[in-house]
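**Q** Okay, predicted coordinates and the sequence, questions at the end:
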Amino acid sequence: MSCQKTSYILEKEQVSKISLWEKISMKFHLLICALCRKYKSDSKILGKILKGLHQHKTHHHLSDPEKSELKKKLNVN
Ligand SMILES: [Zn+2]
């Protein structure tokens, strides 16, 4: 499995379910590839932010104070 495919599966895992085969091939690649292990720990942080955003959207609309709080967290203006 290539690094490109591994990073694709890592990203997919953040937003949806991955198959058992994808999981196994990803884990195997992570064992042999330090670059992808680093990518995985980075993408975990991103995934948390994305999940937080998603939950906000499904539960209620953001109020203005919440929006600015979120922007602060994401470091955007
Ligand atoms: Zn790799």
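**A** Cool, the structure landed.

**Q** In contact with Leu50, which residues?
**A** 14-15 (Cβ atoms under 8 Å, 6 or more residues apart in numbering). The way it works is simple: take the backbone N, C-alpha and C, and place the C-beta from them, glycine included.

**Q** how far away is it from Asp64?
**A** According to Cβ to Cβ, to the nearest Å, Leu50 stands 22 Å off from Asp64.

**Q** Residue numbers of this protein in contact with the ion?
**A** Residues of the chain lying near the ion by Cβ under 5 Å from the ion: 3, 33, 35-36.

**Q** switch to 6 Å and redo it
**A** With the criterion set to Cβ under 6 Å from the ion, the chain comes near the ion through 3, 6, 29, 33, 35-36.

**Q** What subset of those is buried?
**A** 6, 29, 33, 36 (16 or more other Cβ atoms under 10 Å).

**Q** right, and the third one touches Cys3 too?
**A** Yes: look at Cys33 against Cys3 with Cβ atoms under 8 Å: they come within range, at 6.4 Å.

**Q** Show me which positions of the lengthiest helix in the chain end up buried.
**A** Ranked by residue count and defined by DSSP state H, the top helix of the chain is helix 34-59. Going by neighbour count (16+ other Cβ under 10 Å), the buried part of helix 34-59 is 36, 39-40, 43, 47.
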